[in-house]
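[1] my questions concern the predicted model and sequence given below.
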Amino acid sequence: MAASLLLGAAMAPAWAQVPAGTAGEAPSPVTSSPEAPKPVATESAKPKAKPAAKPSTHHATKAQADAKATAKADAKRPAKAEAAVAVAATAGAATAAVAATATPASTPAPAAGATAAAASGNGGLTHPIFVLNSLDATISVIDPQTWTETKRIPTGKEPHHLYLTPDEKSLIVANALGDSLTFLDPRTAEVQRTVRGIVDPYQLRFSPDMKWMVTAGNRLNHVDIYRWDGKDVTLSKRISTGKTPSHLWIDSTSSIVYSTMQDSDELVAIDLNTQTLKWRVKTGSLPADVYGSPDDKTLFIGLTGGEGVEVYDVSGGKEARLVKTIPTGKGAHAFRGAGDRRHIYVSNRVANTISKIDMQTQTVVAQLPGPTGPDCMDVSADGRLILLSSRWGRKMTVIDTETRKVLRQISVGKSPHGVWTLDHAPR
């Protein structure tokens, strides 16, 4: 076994080799000639590292007291979010400690004995893991074999979300304050190009038919619809929305875009064919991520200002109707599919937990730990590992979904937000 590990280390891919110098140090940008102008400006160059701009007030929050030493540089979120996060200063740690060991009655306890995946601790991951550091304006590249950060890549100002192109050839970083997109190779961790002129791309999503890329302008209160030809994007329509569009979901027929409105407490629907606003409904406090069931009949919305997930009936394309609220924990925020088309995970940012939800029964079937401000996450292809951005702790946390234990934490940059890898479970 030792010999095998040494051999593997000797033959590590280029992206996994730690560069000379200080570990985690951002490599010097490499500049090449820009590409010919496209509908939006592009350049084939690694973006130059720039000082992080003062964060937008729409994106930030006060750090929790138990993470103040490491998260005090984080930006300030809207007033309503401050109240929610303040709860964590006195109750978050205690809640997390209880939830980490609690097993709901509806879920059997994990079987005795660890599997090979748990023993190796990498869930079969072979490609680099990317962690987006919002306040550093960088991407940390993690080697899943050694669980070390191999390099940091400069991006545009205040990046907030990651998304893979439909052909899986590029990982896109949405640079909200940089008004740009950074394209990375998800296999080699090299910068491919930068696309400029994308106004305030806080979050983005591609339509299943691969014709459209949609961005949420969190700071400027609009949703932009871009035509996608497989390489370049062209703005088709800018739609004014409520205050602070946050997260997006597009149905399986590429007909409807759903967007939450973080500061006006609303959910809106946009007809993708006519590119017009269809309807808007009120939601609970600070709606964040939104996730649709495979049959397009149900939407799940995380309430960052509340204590659970709202469930809406949107069957037949009709206006959303609130069905129930699933108690999960304070500060329900971001979703990720478990890979079986039935279960989803939601991070509870204030409670410091992760809840597993059965979309059919609309109940919580498991609680897992989510240390220091759990935010966005990814799930390994075998479903065994959750890769979590622990926002206040400047860590990527690796969690075993079967034992419901934290396996390890890897130090990354300031305010880690998005996590992505090619070796992911089906969405």
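    Here it is on my side, so go on.

[2] quick one: low-confidence parts of the stretch 201-350 of the chain?
    The model of the stretch 201-350 of the chain has no residue with pLDDT under 70.

[3] that one: strands as residue ranges?
    For the stretch 201-350 of the chain, strands defined by DSSP state E, counting those that start in this stretch occupy the ranges 203-206, 212-217, 222-228, 233-240, 245-250, 256-261, 266-271, 276-282, 287-292, 298-303, 308-313, 321-327, 332-337, 343-348.

[4] and the longest one, which strands flank it?
    Read it as strand 233-240. Partners of strand 233-240 in the sheet, by DSSP bridges, are strand 222-228 (antiparallel).

[5] for the partner strand, buried residues please.
    Within strand 222-228, the residues that qualify as buried by neighbour count (16 or more other Cβ atoms under 10 Å) are 222-226, 228. C-beta: built from backbone N, CA, C; applies to glycine.

[6] could you export the residues you listed to TSV, including columns for distance to N348?
    TSV is the format used below for those (distance: Cβ to Cβ, whole Å):
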residue	distance to N348
H222	29
V223	26
D224	30
I225	32
Y226	33
W228	34
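
[7] counting neighbours, what do you get for P426?
    Residue neighbour count, defined by other Cβ atoms under 10 Å, stands at 11 for P426.

[8] go on, R280?
    Residues near R280, counting by other Cβ under 10 Å, number 17.

[9] so what's it closest to, chain neighbours aside?
    V268 (4.4 Å; Cβ to Cβ, 6 or more residues apart in numbering).

[10] beta partners of R227?
    W212, T234.

[11] circling back: looking at the strands of the stretch 201-350 of the chain, spot the one closest to I142.
    Smallest distance to I142 across these (Cβ to Cβ): 17.0 Å, for strand 332-337.

[12] just checking: what are the partner strands of that closest one?
    If you go by DSSP bridges, strand 332-337 pairs up with strand 343-348 (antiparallel).

[13] after the strand it pairs with, which helix or strand is next?
    strand 353-358 (DSSP states H and E).

[14] and the contacts of that next one?
    For strand 353-358, the surrounding residues in contact (Cβ atoms under 8 Å, 6 or more residues apart in numbering) are 95-96, 99-100, 300, 309, 326, 328-329, 332, 338, 342-348, 363-370, 374, 377, 386, 388, 399, 401.

[15] would you mind writing the CA trace of that strand as CSV?
    The C-alpha trace of strand 353-358 is given here as CSV (Å, rounded to 0.1, in the frame of the first residue of the first chain):
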residue,chain,number,x,y,z
THR,A,353,-25.8,21.8,10.0
ILE,A,354,-26.7,20.1,6.7
SER,A,355,-30.2,18.5,6.3
LYS,A,356,-31.0,15.7,3.9
ILE,A,357,-34.5,16.1,2.4
ASP,A,358,-36.6,13.4,0.8
